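Colleague: Need coordinates for the following:
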Amino acid sequence: MRQEPMDDVAHWYRIKALAKTRAGRPEFATEIGRLAYFDKIRPIEADAAKEWANLVALYRKHVIGAPQDHAKVASLEVGYGRTLEPEDTKERRDYIRLIQDRYDRAYVAIIDRPDGVKMMKAMNAICLEDAVVSYAELQMARRGFMIHAKHFGIDKRSKRE
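Modeller: This is a model prediction of the structure:
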């Protein structure tokens, strides 16, 4: 059995205490939150990532009609008190059209770049799959988030607040 260096053993108690104080923080629940907390992405990129995740969730729910991405959530949606379909009103159709238009514009703004497919893949890995990505993928995602931020004026909003 390999002997642990004394420094690691001595630091363990400090690490353990730090972990206990930080572990309950909500931003650590997602990969995007951890990246933002450890300054791996800028606040504008984090805002764009959150908006992208929300936009995709709305698009999947209202336009495609797909259940939530997370398997546990999707399993709860099936069979437990299924609700009736919302009434098809003009307001609802307009709302769905607005979501679809916003999603399409964001998607095209990113995918129309020479490396747009790679950017989209990296953004989705972080935001939707909550996956840890490589350094190169993170750089791709950051570029995608900045395109999204500029496209929807998130960069301007962040300066005013």
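Colleague: can you give me the end-to-end distance of stretch 37-46?
Modeller: End-to-end distance for stretch 37-46: 10 Å, by CA to CA, to the nearest Å.
Colleague: start at 411 instead
Modeller: OK, 411 is where the count begins now, so the last one is stretch 447-456.
Colleague: List the buried residues in it.
Modeller: Residues of stretch 447-456 classed as buried: 451-452, 454-456 (neighbour count, 16 or more other CB atoms under 10 Å). For glycine as for every other residue, the C-beta is placed from the backbone atoms N, C-alpha and C.
Colleague: for it, what is the average pLDDT?
Modeller: What stretch 447-456 shows for mean pLDDT is 91.
Colleague: Can you give the distance of that stretch from its chain's centre?
Modeller: Stretch 447-456 sits 12 Å away from the centroid of its parent chain (CA atoms, centre = their mean, to the nearest Å).
Colleague: Would you mind giving the buried residues of stretch 447-456 as TSV with distance to His558 and secondary structure added?
Modeller: Output for those, formatted as TSV (distance: CB to CB, whole Å; DSSP: H, G, I helix; E, B strand; the rest coil):
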residue	distance to His558	secondary structure
Ile451	12	coil
Arg452	13	coil
Ile454	10	helix
Glu455	9	helix
Ala456	12	helix
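Colleague: From those residues, pick the one nearest Tyr545.
Modeller: Nearest to Tyr545 out of the buried residues of stretch 447-456 is Ile451 (CB to CB; 12.3 Å).
Colleague: sorry, back to before: max pairwise distance over the buried residues of stretch 447-456: which two?
Modeller: Spatial extent of the buried residues of stretch 447-456 (CB to CB) is set by the pair Ile451 and Ile454 at 8.6 Å.
Colleague: any common contacting residues for these two?
Modeller: Common contact partners of Ile451 and Ile454 (CB atoms under 8 Å, 6 or more residues apart in numbering): Phe555.
Colleague: spatially speaking, which residue is in the middle of this structure?
Modeller: In the chain, the C-alpha nearest the mean C-alpha coordinate belongs to Cys537, at 2.5 Å (CA atoms, centre = their mean).
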